Structure formats: C-alpha cells, structure tokens
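Chemist: Would you be able to build a 3D model of this:
(chains A, B, C and D)
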Number of protein chains: 2
Amino acid sequence: MTGSRRRSGGPTLRDVAERAGVGVMTASRALSNASNVSEDKMRRVQEAAASLGYRLNENARSLRPDQRTRLVGVVVTNAANPYYAQLQVGIEEYLSPRHIRTLVGSSGDTLERERQLVADFVGWNVGGFIVVPSGAEHDHLDRLQVPVVLASRRIPGAELDAVLIDDLAGARAAVRVLTEAGHHRIAFLGLSMSVSTGQRRLEGFRGALREAGIEPNDSLIRVGPSTSTPLDAARGLLGRREPPTAVFTANNRNTIALLHALRERDDLDPPRIAGFDNFDTADLMPVRLSLVDHDPVELGRRAAELLVWRLNGATDDPAVVELPIRLIP
Amino acid sequence: MTGSRRRSGGPTLRDVAERAGVGVMTASRALSNASNVSEDKMRRVQEAAASLGYRLNENARSLRPDQRTRLVGVVVTNAANPYYAQLQVGIEEYLSPRHIRTLVGSSGDTLERERQLVADFVGWNVGGFIVVPSGAEHDHLDRLQVPVVLASRRIPGAELDAVLIDDLAGARAAVRVLTEAGHHRIAFLGLSMSVSTGQRRLEGFRGALREAGIEPNDSLIRVGPSTSTPLDAARGLLGRREPPTAVFTANNRNTIALLHALRERDDLDPPRIAGFDNFDTADLMPVRLSLVDHDPVELGRRAAELLVWRLNGATDDPAVVELPIRLIP
DNA sequence: TTGTACGCGTTATCAG
DNA sequence: CTGATAACGCGTACAA
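Modeler: The predicted structure is shown next:
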C-alpha cells in the first residue's frame, strides 16, 4: 500500500522520494534546505524532481506555523493607475528574489473594500502587508498579527512603518517656481484632503506662498474629488472672472485634467503650470510644465525592504522613510 | 487536552467550534457551504467567528485535492506598462467576485523568467493561468495540468485558448487613414516580430498598403527591439534622405518615441501619424494622431471569463476570441 | 546521514 | 442535521 494513488494535481514529494529511492525527508531536505544530504542522493533527488516536473507545494509548506513568510498582501487604491503599477513592480522586484510572492488587490479608495481585502489576505496567511491606505481609519490594520507597511500615504495616529514621498518639499519647490516667476494669483488643483498626500501637498503649497509674502486665497483652492471631477474643477478655475495666472496641480491626474480644460478654452494667455508627478508625455505637452519627479518603483522597493526588515524580527519604533523628489523646472 | 494551544497565527476553526459549542464540521459547513446546518447553530458559529476575527485558512483548504480553485497565476511581460496594469484590473474584476485571487508576475519578455514564474505558480497550486507569452515557445505551458489562457498574444502551434485584439483590422484601419490622405511613402515603426502581435500588425500594414496599390518598401519598415530602441528607430526613419511622409506606429511606446524624435528635429513638415493603442494624453499632442483604440480591461475580463469556463469543466476545442477595435480618426 | 511518527487547519466521508 | 475520523503534502522532532 505504498502511496501510489495519484492525486489530481501533480506529483508529490513522496513520488519524488520513491523515484529517487530515498525517504521523503531526504527528498525534502534535498529540495528545500540542501543540508545534511549526501551528494549522491542530492543529485538523485533533484533528477527525480526534474523528470517529474515536481514543485514543492507552497500551500502545504505554509501550513506549518513556524515557516518563513512566502506571501505578502499588497493593497493599492487603484491598480490601473500607472503610478501604482510601478509601485507594485518595485515591490515585486525586491521580494521576488527572496522567494516571496505578492497577493495584490485594489481598494478603489474605499475603506470597505480595503477592509475586505485585508481580511481576505489574512485568510491566505500572508506574513505581512504593504498598504496604500484609502483614508484615515486604521483599526483594521492595528489588529493584524503581522507587520504592516504603509506606502505613499500615511495615517495620522497609526503606529506603522511608512514610506512616503517628500510631499512637502515637492509642493514647495513647485510652487516656488511659480512665485519666483512673479505670479501672485496662484491656484491649487488637487487631491482629497482625506488622504495625507493631499494634506501635505496643500501644506507645502501654502508654505511656499507665505514664504513669498502671498496670502493664500481659499477661493483658488480646489480639492477633490468630493466636490467634482478634476476636469470640472479645472474648468471652474479657468472660468472665474479673475482666473489664476498660475496653477499648482497636486498630481498627474489633475495636471492632465487641467491641460484638457485649457485645450477646450483655447485661451490666449494660459496659466503657468507646476505640478506633482512626472509622466511619459510631459515634455510633449503644448505648454510648459514644471513637474515634481519621483520614483514610484523605488517607493515600492523601499516599502518591501522595510517589510522584510520587520519580517526578520525588527522591533524598533515605527520608521518613516521620506524619499527625495527632483524638480524638473 | 482539548486543542487549546495557540498557534502563532490567529484562531483556528477548532477555536470557533469550541466557542460556539459545536463540532468542527458544523463550524466548517456554517462558514463555507452554509448547507445542512440549523439556523441556530449557523448564527452561533458566525458570531463566534466574528468575535474571534476568524478567517478560514485558504492554505489548508487548498491542500485538499478536490477543492475548487482559489488561485490563478497571471504572467505578464511588464507589469509597469499601463496596458498590462489595466489587463490585470480586468482579470481581478472578473475573478474577485468569484473568490479567486491572482498571483501576478512579470516575465520581462524573457522566456526564462516566464518559465520560472510558471513553475513558481505551480508550487502554489494555482488552478489555471493567464499568460501574455513572451515568445513562441509553449512547451512549458503544454505540460501543465491546468487550463491556460493566452492574453493579447497568441503562440503559433499552441493548442490554447486565447483572447486577442483584432490586430489585423486595427492596423489596416489605421494605415487606411494614411493612404486615403494620399500618402505613399509610409513607414512602419514597431514591435518585435517574435510576438504574434507584431507579426499581425505588420501583416495588416502590408495588406492596407497593397489594397491601396502601394508596394511596401522594406527600408521603411523598422521592427524592434532587437535592432534598437524605439526612439533610435524613429530617429533613423526621420533622418533618411527621403523620410516617410506618414508613419504607422505599432504600439503606444513607439508612437510616443516617434513624437519625441519629432520634437528633437523640429521639422517643418512632420509626417502624418497613425498608430496602435490610445493613451491618456493623446489628444493633447502637438500633432494630429489617428489611433486604434481598444480596451485592455475588457481583454483581461474576457481572458478571465474563458479561464473560468475551463475551470468549470469545458472541454471544447481551444477558443480564440478577437476583440474589436475602434479607430479614432 | 537517514527514516518514522506526528501535527499544521480544513473538508469528505460516513456513521449516528 | 451533526460530529468523529481520516486524509491532503510537508517539515520538525526524535530515533536509528
């Protein structure tokens, strides 16, 4: 009654062992540790595995409580956004060589979906999380028994590691371009204030204005998306009796929306634009753009690095890494 | 000696059952099938599960050979490319409500990495694959014991389901715009011939030319990326003694590269451009673009749909779905 | 160095 | 409708 019953899904370690003429444990050691196995049997096992097209069953391995993490959960707000696509690539780039795979899900910027994804991933026994939080809640992240790293956005009050862009410096630098060009009526077109990125960029905007002796004019500040789409917000700004002579756009979506709005109007004297995020075709645009460039791939890499550091047992206080930006004037 | 020993990673079904005062099997049924359980116990179990923050362990579930698929592997060539990011979103959109998660990896368009990813995913016991093949090899896909659906590209000779864009019609339609505008010296700037997409688009290009009574001029055909980067190829075309008066670009990367090359030269009389793939800022470009628009999200959805159809036991001959394109003139 | 028993968490089976 | 038991495939502990 030697285990010769074929299961539906491919060969098992037992099969490999039988074929190589060794015990299962020798086979196991040969294929995972490579320790304490004679060279001879080592080779025989590996040949057997290869000829059977055998792969260790990760599900079975993960079942053991004391195993190393082989899976982490990644929650982004919208995987279709090129920005987050690159973030994922950075994460995978770092984790893949360490034999850790990722489970990815899009929250659509809703807390409910974020909660559900996190719960789902817990079911998969992920060893940790990288999350782009959709809002300010963090109770669902606190209860987890595994490390969590926030990416791109921070949550006030959450005791979690985070990797961020230097939003403040980026916004300041961009707005400074505008003030130094002599502009005074400068608008802010941007993100929802419910995410830290939006708040920080607005803060940088205000700071740069004050630094230049300009009092921020609230009627020139449009934050989304609660009020309207970026395109509508841009139209509203341009349609004012006294339109801004310069605009700071808080991310690439808003920059592009503004450009679309401008194109609709065909104004003789379009506003000067400075904004956050670079994009592929920025230098092909019909108007001059000053952009805050940064590297989402690096952001992902660093987040993954931080997570692995925790997985390896680091117990330091929460770390916040702030990545530098580069202004393309 | 009732199993009260805490394992590191959260509560188990046993804990839930104990707390609810029922047997493990009742708890199991209550939480997965919801069949053959009295309403009373049903509620008790669910309350217990909720109060413990319990989640079924998917790893343990997947261990059984006869279980439904909960995981599929997705292999794309480059996850950072917005096109494939959208493809993934379509896939997730279809699979997520069906409680199937995806494991995603980028092959970087190399066969070796593709092989490795496939092998890795087999270790995770995925119930099927969606693959954007990196080349013409398919032996590693044939040996798999689970269904495989190709997305975006086909492999000649492979007996596999596939979802494609109608490359032929797309290329024809785009090139027709150029010929009907009276152009004769029309160049092809594009993809490697090692992928079916490249071949098919070139075929469409040639067809449309012949249809217009123009003999394709091989010296105006630049295929990549073996020879050079898209940007260099574009420069080469524009730098000819007799540059083309019109160019068909075989995908968005090449379209954008051509635009960059054009911008460097600042020609008085730039070529007319028609190309494959739409992109965000296409209508903001300084020159007129005629583009073949199509929907990568839909492509992903359909691929996932096909895969689920197989997972449910379909044994029909390989299906090839060709999605329609839309020309933006 | 090698092999044997047992447990990881869940579900199918089958007896109550 | 309910629950005890035996797998599922692998790795640790221990015995040989």
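
Chemist: got the residues of the stretch 51-200 of chain A near chain B?
Modeler: The stretch 51-200 of chain A comes close to chain B at residues A:53, A:55-60, A:62-63, A:65-66, A:79-82, A:84-86, A:88-89, A:92, A:96, A:101-106, A:119-120, A:122-125, A:143, A:145-146, as judged by Cβ under 8 Å from any Cβ of the partner chain. In short, each C-beta sits where N, CA and C put it, glycine included.

Chemist: what subset of these is also close to DNA strand D?
Modeler: When Cβ under 7 Å from any atom of the strand is applied, the members of those adjacent to DNA strand D are A:56, A:57, A:60, A:63, A:66.

Chemist: most surrounded residue in these?
Modeler: For those, the largest number of neighbours (other Cβ atoms under 10 Å in any protein chain shown) sits with residue A:57, at 20 neighbours.

Chemist: Can you point out the buried residues in the one helix or strand residue A:264 maps to?
Modeler: Assigned by DSSP states H and E, residue A:264 belongs to helix A:252-265. Within helix A:252-265, the residues that qualify as buried by neighbour count (16 or more other Cβ atoms under 10 Å in any protein chain shown) are A:252, A:253, A:254, A:255, A:256, A:257, A:258, A:259, A:260, A:261, A:262.

Chemist: likewise stretch A:166-185?
Modeler: Quick answer for stretch A:166-185 (16+ other Cβ under 10 Å): A:166-179, A:183.

Chemist: Next: stretch A:16-29.
Modeler: Applying 16+ other Cβ under 10 Å to stretch A:16-29 flags A:16, A:17, A:18, A:19, A:20, A:22, A:26, A:27, A:28, A:29 as buried.

Chemist: before we move on, the earlier item: can you tell me what sits against the helix holding residue A:264?
Modeler: Helix A:252-265 is contacted from outside by A:83, A:189-191, A:224, A:229-231, A:233-235, A:237-238, A:247, A:249, A:270-271, A:273, A:275-279, A:285-287, A:289, A:291, B:280-281, B:283-284, using Cβ atoms under 8 Å, 6 or more residues apart in numbering or on different chains.

Chemist: Narrow the residues you listed to those in strands?
Modeler: Taking DSSP state E as the definition of strands, the contacts of helix A:252-265 contribute A:189, A:190, A:247, A:249, A:273, A:275, A:276, A:289, A:291.

Chemist: how long is stretch A:259-273 from one end to the other?
Modeler: Taking Cα to Cα, to the nearest Å, the first and last residues of stretch A:259-273 lie 9 Å apart.

Chemist: Give me the mean pLDDT for it.
Modeler: In this model, stretch A:259-273 has a mean pLDDT of 90.

Chemist: cool, stretch A:161-172 as well?
Modeler: Computed over stretch A:161-172, the mean pLDDT rounds to 97.

Chemist: Show residues contacting that stretch.
Modeler: Here stretch A:161-172 makes contact (Cβ under 8 Å, 6+ apart) with A:147-154, A:196-197, A:200-205, A:207-208, A:211, A:248, A:250, A:276, A:292, A:294, A:299, A:302-303, A:306-307, A:310, A:318-325, A:327.

Chemist: now with 6 Å?
Modeler: Outside stretch A:161-172, the residues that touch it by Cβ atoms under 6 Å, 6 or more residues apart in numbering or on different chains are A:149-151, A:154, A:197, A:200-201, A:204-205, A:207-208, A:276, A:292, A:294, A:299, A:302-303, A:306, A:318-325.

Chemist: returning to what we had before: looking at the buried residues of stretch A:16-29, which is nearest DNA strand D?
Modeler: Closest to DNA strand D out of the buried residues of stretch A:16-29 is residue A:28 (3.6 Å), distances taken as Cβ to the nearest atom of the strand.
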